[in-house]
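# Build me a model from this:
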Amino acid sequence: MIIQSPDPLLTGTYSVFLAGSIEMGSAVHWQQQICNAFRDDENIILYNPRRDDWDSSWKQEITNPAFNEQVTWELNALDAADLIVMYLAPGTQSPITLLELGLHAHSKKLIVCCPEGFWRKGNVDIVCERFGIPQVTTIEGIISVITAKYYEHTQSHLPGKI
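Numbering: from 1, shown residues only. Coordinates of the predicted model:
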C-alpha cells in the first residue's frame, strides 16, 4: 500500500518511509521502483513523500500552509515508520535527506544506500559506521532489505514469540 503526502498516515501494519533524493530532474524516480516492487502487498505501507502536486514556487516558510503541511507530514511519517530507507542519488545534494539522516541516526530503523557519486558520500559513510546504520549499494538492495525486515517483523510478532 502506498501513502503519498499529504494523505493521512495509516497504522497497524509494517510501514516504511522512503527518504532520499527527490531533486526534480536530477534524481531518478527511485521511489517508483520501490513502490512498483510492493504495489500488490497490502501488508507493507510505503510512506512516499514525493508529492504529485508539489509546486516549487511555494515559499519554504513555516507560515506557508502548503509547505508546512508537507514538512509536517514527512516528520510525522518518519516518526511513525517501522523502517526508514534512504537513497542518496549520485549527482544530487539532498540537504533534507542529510538532515533526516542526522535526525534518525540513533533510531535503529535506518537503512542507507549511498552510491559512489553522491557529493558527501564520505560523510554519510562515516555517520553510518559510527551509528551502526546498515548500508546497501543498490535500489534492489533496498527492496531486499524491506522484504527481510518485514519478514523479521512478522516472525517476532507470532504468538509465543517474545
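# Tell me where the chain has strands.
Assigned by DSSP state E, the strands in the chain fall at 2-4, 14-20, 44-48, 83-87, 110-113, 135-136.
# The fourth one - what's its average pLDDT?
It refers to strand 83-87. What strand 83-87 shows for mean pLDDT is 97.
# centre of the chain versus that strand, how much separation?
Relative to its chain's centre, strand 83-87 lies at 4 Å (C-alpha atoms, centre = their mean, to the nearest Å).
# Let's see it as CSV, backbone CA atoms only.
Provided in CSV are the C-alpha atoms of strand 83-87 (Å, rounded to 0.1, in the frame of the first residue of the first chain):
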residue,chain,number,x,y,z
LEU,A,83,11.8,1.3,8.8
ILE,A,84,13.4,4.3,7.1
VAL,A,85,15.1,3.5,3.8
MET,A,86,17.3,6.3,2.4
TYR,A,87,18.6,6.7,-1.1
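# Contacts for that strand, please.
The contact list for strand 83-87 (C-beta atoms under 8 Å, 6 or more residues apart in numbering) reads 14-21, 30, 34, 78, 97, 100-101, 104, 107, 109-114, 139, 142, 145-146, 149. Just so you know, the C-beta spots here come from the backbone N, C-alpha and C atoms, and that holds for glycine as well.
# now for the strands of the chain, which one comes closest to W54?
Between W54 and these, the shortest separation by C-beta to C-beta is 10.4 Å, and it involves strand 2-4.
# on contacts alone, who are the packing partners of that closest one?
strand 44-48 (3 or more C-beta pairs under 8 Å, 6 or more residues apart in numbering; DSSP states H and E).
# buried sites along the strand it packs on?
Residues of strand 44-48 classed as buried: I44, I45, L46, Y47, N48 (neighbour count, 16 or more other C-beta atoms under 10 Å).
# Great, nothing more from me.
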